[in-house]
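Peer 1: I'd like to go over a predicted model; first the sequence, then the structure.
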Amino acid sequence: DAEITQSPRHKITETGRQVTLACHQTWNHNNMFWYRQDLGHGLRLIHYSYGVQDTNKGEVSDGYSVSRSNTEDLPLTLESAASSQTSVYFCASSESSGGTDTQYFGPGTRLTVL
Amino acid sequence: DQQVKQNSPSLSVQEGRISILNCDYTNSMFDYFLWYKKYPAEGPTFLISISSIKDKNEDGRFTVFLNKSAKHLSLHIVPSQPGDSAVYFCAAYNNRKLIWGLGTSLAVNP
């Protein structure tokens, strides 16, 4: 069965360290998204990609970067982790980008920055 | 400022009764809406959607109603079951990106 996976599921790191969260989907979807979920803010879009070599900034992109070298993977990198980046991170994918797509989500990564 | 608002953070319902979850939006250009359900320690899962050309969409126990003039959506779950206890998110497409509400936590009591 096609799926979307995230690793690690839990991560504790220190302020200033570089951290990379992995996202891998076997749906063969063109579109991939990274969100963070925080109390009082719902889901907020960090970065998104509509295909290989395409990346775009979302509403809360500062301090994060992504790269899309193949269809299946969109790793999220925190260049220098900050305590404000403690959150739960969700990756999602969808088939096309016409504005009516269902997005399918991974199980999430809980990141703690000490 | 929240463009998609779920004004009730929580809702408690008896098993077998109807659950009604509400969602308001501010931008009349939003034309496609989705509801997701989320269990603890899991990602959101798609539940049901509705296009602005419709005012109702049904899928089994779940029905979504759209009132465009009031910029209001509601999700009805009938009958409610304990397994429906979860956080429900309303989301709207804007410029090919989803805008999310803060969620409503539903508790269905046996």
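Peer 2: Everything's here; your move. From a predicted model like this one, the values you see are computed outputs, not experimental measurements.
Peer 1: give me the residue from chain B nearest chain A.
Peer 2: Closest residue of chain B to chain A, Cβ to the nearest Cβ: residue B:43 (3.3 Å). For glycine as for every other residue, the C-beta is placed from the backbone atoms N, C-alpha and C.
Peer 1: now for that residue, how many residues are close by?
Peer 2: 21 (other Cβ atoms under 10 Å in any protein chain shown).
Peer 1: residue B:4 against residue B:90, yeah?
Peer 2: Yes. The pair residue B:4 and residue B:90 passes the contact test of Cβ atoms under 8 Å, sitting 5.8 Å apart.
Peer 1: intersection of neighbour lists for the two?
Peer 2: Shared contacts of residue B:4 and residue B:90, defined by Cβ atoms under 8 Å, 6 or more residues apart in numbering or on different chains, comprise B:23, B:100, B:101.
Peer 1: looking at the residues you listed, which are in strands?
Peer 2: Using DSSP state E, the subset of the shared contacts of residue B:4 and residue B:90 located in strands is B:23, B:100.
Peer 1: which ones among the shared contacts of residue B:4 and residue B:90 also lie next to chain A?
Peer 2: Counting by Cβ under 8 Å from any Cβ of the partner chain, B:100, B:101 from these sit close to chain A.
Peer 1: so what's the residue in chain A that chain B sits nearest to up against?
Peer 2: Here chain A gets closest to chain B at one residue, residue A:105, 3.3 Å apart by Cβ to the nearest Cβ. In this structure, residue A:105 makes contact with A:4, A:90, A:91, A:92, B:36, B:43, B:44, B:45, judged by Cβ under 8 Å, 6+ apart.
Peer 1: for the least confident helix or strand in chain B by mean pLDDT, packing partners?
Peer 2: Across the helices and strands of chain B, mean pLDDT, DSSP states H and E gives its lowest value to strand B:97-100, namely a mean of 92. Other helices and strands packing on strand B:97-100, by 3 or more Cβ pairs under 8 Å, 6 or more residues apart in numbering or on different chains; DSSP states H and E, are strand A:42-51, strand B:86-94.
Peer 1: tell me the residues of chain B that contact chain A?
Peer 2: By the rule Cβ under 8 Å from any Cβ, the part of chain B lying against chain A is B:31-32, B:34, B:36, B:41-46, B:49, B:51, B:89, B:91, B:93, B:95-98, B:100-103.
Peer 1: beta partners of the spatially most central residue of chain A?
Peer 2: Centroid-nearest residue in chain A, with Cα atoms, centre = their mean: residue A:34, separated by 2.7 Å. Counting by DSSP bridges, residue A:34 forms beta bridges with residue A:47, residue A:91.
Peer 1: from what I can see it touches residue A:77, true?
Peer 2: No. Using Cβ under 8 Å, residue A:34 is not in contact with residue A:77, being 10.4 Å away.
Peer 1: direction included, what does the least confident helix or strand of chain B pair against?
Peer 2: Going by DSSP bridges, the partners of strand B:97-100 are strand B:86-94 (antiparallel).
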